[in-house]
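1. Can you look at this prediction? I've put the sequence above it.
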Amino acid sequence: MEPTEFLEKVYNESMQIVGSDDIIKSDLDTSISGHLGEILSRSESAKGVITVILTSAVYKILNPEQDIRNHQTSISNGYSGRTFDSKYITPFLKSVKFPAMAESGWLTRSLEQKVPYDFNYSGAIRPDSLKTAFLETIDFIQKGKDIDKVLSFLFQGLIIQRNAQHIDLAKPLNLPIATIINLLSKHFDTKYSAEGASRLPVLALYAAYQCLVNETKRFDGKVLLPMESHTSADTRSGRIGDIDIVDEKERAFEAVEVKHGIAITAQLVKDAFEKFKTTQVNRYYLLSTANIDASQVEEINKEIERIKNIHGCHVIANGLTNSLKYYLRLLSDTSEFIENYVNLIETDTALKFEHKKEWNNIISQM
């Protein structure tokens, strides 16, 4: 396997393992995992160390016969770690926004000594705890056992660290409504490794309501409540939808429940009614990226009519895209909607780096 292909394989597998809980999952012995944790904790300030460790691990897996402690061709039975790093490792680290040197980890004075990386290595790696972790990890890799687990541990840790970092997101201006809908659909429907994508349609609707409450007469004197946590249960929080608007007396006025990839059925309408039947909510939207189950349209309409008769609330079941198109047509400036959506992506804790990066990717492909 080519080095770049191998790196992408390890990266994708590590993304799947990390998922959404941001915890490194590994059965490595605590001694080596402790050393790896030390290296990860200093990955930003000691980019050269983690680069050399990753280079050594990848090279050893692809070339098991090589003593990776002999990291230069000027050392007996050595190989050029710097060349391998410059060609494969550092470019890959940059491509996935992991800590990386400008060209190679071997350009760090403490790592470029022309002697093996054994326990007598003279390079001034600081602090001492990092030097110990570096040399113990190099020794572990050289022994050739569980190197794949070392790589997985480090990649998981780097993914978690990266996910916690801020990323500048694109905010294009003056886009046609059709273009905005296309961008949003792509952002919703991308196949992500991390959980959290179901939050994106909710954020889009909320961004639209942030505009609507300021622009439409229907919402005069009404208040759009702040977004609830992605994990908050409606029954516990007292909320009746993913998005809630209250009147001047803080009574439920309008609510929206958003489904991602789940077609709307009569049962979903009934379930929604259970959430709001004890309130005086005027209008309740049940929207889905998967639209309405065509085989249940008649039954859905009957249930909506029943709720209207016994409660008075107007339930609106619809495809989310159709509703967004309608909302955007009501706005005087769609750029404000984009601004709101991107701000929500940046701050919502349910989203990961992957979801944010994909937005920029989609914009760059316009």
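-> All right, it came through fine.
2. Just the pLDDT at Val315, thanks.
-> For Val315, the pLDDT comes out at 98.
3. distance of it from Ala294?
-> Distance, Val315 to Ala294, by Cβ to Cβ, to the nearest Å: 18 Å. C-beta: built from backbone N, CA, C; applies to glycine.
4. which of these two has more neighbours?
-> Higher neighbour count among Val315 and Ala294: Val315, with 21 against 7, using other Cβ atoms under 10 Å.
5. Quick check: buried residues in stretch 13-23?
-> Neighbour counts over stretch 13-23 (16 or more other Cβ atoms under 10 Å) mark 13-15, 17-18 as buried.
6. Which of these lies at the shortest distance from Asp244?
-> Closest to Asp244 out of the buried residues of stretch 13-23 is Val18 (32.2 Å), distances taken as Cβ to Cβ.
7. right, and that closest one touches Leu158 too?
-> No - checked against Cβ atoms under 8 Å, the pair Val18 and Leu158 is beyond contact range at 9.9 Å.
8. What are the boundaries of the helices in the stretch 101-250 of the chain?
-> Ranges of helices in the stretch 101-250 of the chain, per DSSP state H, counting those that start in this stretch, are 128-143, 147-163, 177-189, 199-215, 234-237.
9. Now mean pLDDT too, for those helices, in a markdown table please.
-> A markdown table is the format used below for the helices of the stretch 101-250 of the chain (pLDDT from 0 to 100):
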| stretch | mean pLDDT |
| --- | --- |
| helix 128-143 | 98 |
| helix 147-163 | 95 |
| helix 177-189 | 97 |
| helix 199-215 | 97 |
| helix 234-237 | 49 |
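10. any chance of the ones you listed in JSON lines, with distance to Ser31 too?
-> Shown next, in JSON lines, are the helices of the stretch 101-250 of the chain (distance: least, Cβ to Cβ, whole Å):
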{"stretch": "helix 128-143", "distance to Ser31": "8"}
{"stretch": "helix 147-163", "distance to Ser31": "12"}
{"stretch": "helix 177-189", "distance to Ser31": "43"}
{"stretch": "helix 199-215", "distance to Ser31": "39"}
{"stretch": "helix 234-237", "distance to Ser31": "43"}
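11. out of those, which comes closest to Arg329?
-> Across these, Arg329 has its closest neighbour in helix 177-189 (6.6 Å, Cβ to Cβ).
12. Where is the longest strand in this protein?
-> What stands out as the longest strand in the chain, according to DSSP state E, is strand 252-259.
13. and that one, what other elements does it pack with?
-> For strand 252-259, the elements it packs on are helix 199-215, strand 243-246, helix 266-276, strand 283-288, judged by 3 or more Cβ pairs under 8 Å, 6 or more residues apart in numbering; DSSP states H and E.
14. re the thing from before, could you dump the helices of the stretch 101-250 of the chain into CSV with mean neighbour count and distance to Ser74 added?
-> Listed next are these as CSV, based on neighbours: other Cβ atoms under 10 Å; distance: least, Cβ to Cβ, whole Å:
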stretch, mean neighbour count, distance to Ser74
helix 128-143, 18, 18
helix 147-163, 21, 25
helix 177-189, 17, 51
helix 199-215, 21, 53
helix 234-237, 11, 65
